[in-house]
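*Asks:* need coordinates for the following:
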Amino acid sequence: MRSLLVISLLMAGCSTSPDPLPKQPDAPTSQAVVTTLGKDLDKTDHRVGAALVVIERNADKPKVVVAESRLAQSYLPAPPEADVAFAMARAIKADPLDYKKQMEFGRKLATAVTLAWEKLEADQKEAARVSQLKDARIVELTAEVERVKAQASKDIWSLTGAGLAVVGSLAFAFGGGPRVGLPLLLCGAFCGALPHIIDSPAFLYVAIGTAAIASGLFLWWLADKVSDDVQDKKDEAEITKDE
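*Replies:* Residues are numbered from 1 along each chain as shown. Now for the predicted structure:
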């Protein structure tokens, strides 16, 4: 649809081209999609983080540790067995240096995820803005196509009126006389003025008034015809009776 509008404008001879639109990011245009997903992810992260804090603070209570661990796992997808084996090996080794390295890796990964999410939110806003620009451009191009079509229609009527005026002038000059030339000139003037008449604010009222007058004249003619027919029948009846 958008390509057809552009092609139509080019074929109509549009001399000016609008400014190019910016590239739309590959992101949803609806803010609700990102907002809802972000809230769900935040809730999951907060619940898991809270359970881990409780586990740390209740390390001396095995039942609490097990219960909170299971609760935290319910908010997360099941980990691959390879990752479980890696974590078990780390726990058996219990090397503080390994834990330090893994904590640094975890912080970097969390920071990268946060930055990626912020970029997604920014892309969503930009995608929504560009989408609105595209919608506005479609409205603009559609209006331009309608304007070009209307102008073309006016030009056709103007050319028709000019042609009739030329033919009428020739009829005046080469023997047709006013009887032939004058109606052609009047028709040419009417054709040239027709687009302006139609565009006039008073056209609708004039058309309604003309239709009302025509309807009234038709009803008057019909009533008069019926009355004449009735009178003719009465006259025929009286003549027959006299005979």
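
*Asks:* all helices of the protein, in order?
*Replies:* Assigned by DSSP state H, the helices in the chain fall at 2-11, 31-57, 62-74, 81-93, 96-173, 177-199, 203-242.

*Asks:* which one of these lies nearest to Gln24?
*Replies:* helix 96-173 (4.1 Å; CB to CB). For every residue, glycine as well, the C-beta is placed using N, CA and C.

*Asks:* got the angle for that closest one vs helix 81-93?
*Replies:* Counting by axes from the mean of the first three to the mean of the last three CA atoms, to 10 degrees, helix 96-173 lies at 150 degrees to helix 81-93.

*Asks:* tell me the mean pLDDT over helix 96-173?
*Replies:* Averaged across helix 96-173, the pLDDT comes to 85.

*Asks:* so it versus helix 31-57, what angle?
*Replies:* Going by the same axes, to 10 degrees, helix 96-173 makes 170 degrees with helix 31-57.

*Asks:* so how far is helix 96-173 off the chain centroid?
*Replies:* Relative to its chain's centre, helix 96-173 lies at 10 Å (CA atoms, centre = their mean, to the nearest Å).

*Asks:* going forward, the N-terminal residue is numbered 51.
*Replies:* Sounds good: first residue 51 from here, last item helix 146-223.

*Asks:* does anything pack onto it? Which helices or strands?
*Replies:* Using 3 or more CB pairs under 8 Å, 6 or more residues apart in numbering; DSSP states H and E, the elements in contact with helix 146-223 are helix 52-61, helix 81-107, helix 131-143, helix 227-249.

*Asks:* indicate which one of these is closest to Lys158.
*Replies:* helix 81-107 (16.3 Å).

*Asks:* for the closest one, packing partners?
*Replies:* helix 112-124, helix 146-223.

*Asks:* could you dump those helices to a markdown table with distance to Asp69 and mean neighbour count?
*Replies:* Listed next are the helices and strands packed on helix 81-107 as a markdown table, based on distance: least, CB to CB, whole Å; neighbours: other CB atoms under 10 Å:
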| stretch | distance to Asp69 | mean neighbour count |
| --- | --- | --- |
| helix 112-124 | 53 | 13 |
| helix 146-223 | 9 | 13 |
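
*Asks:* quick check: which of these is nearest to Pro75?
*Replies:* Between the helices and strands packed on helix 81-107, helix 146-223 lies closest to Pro75; by CB to CB that is 3.9 Å.

*Asks:* on that earlier part again, want to try CSV for the helices and strands packed on helix 81-107, with distance to Gln74 as columns?
*Replies:* Below are these laid out as CSV (distance: least, CB to CB, whole Å):
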stretch, distance to Gln74
helix 112-124, 39
helix 146-223, 4
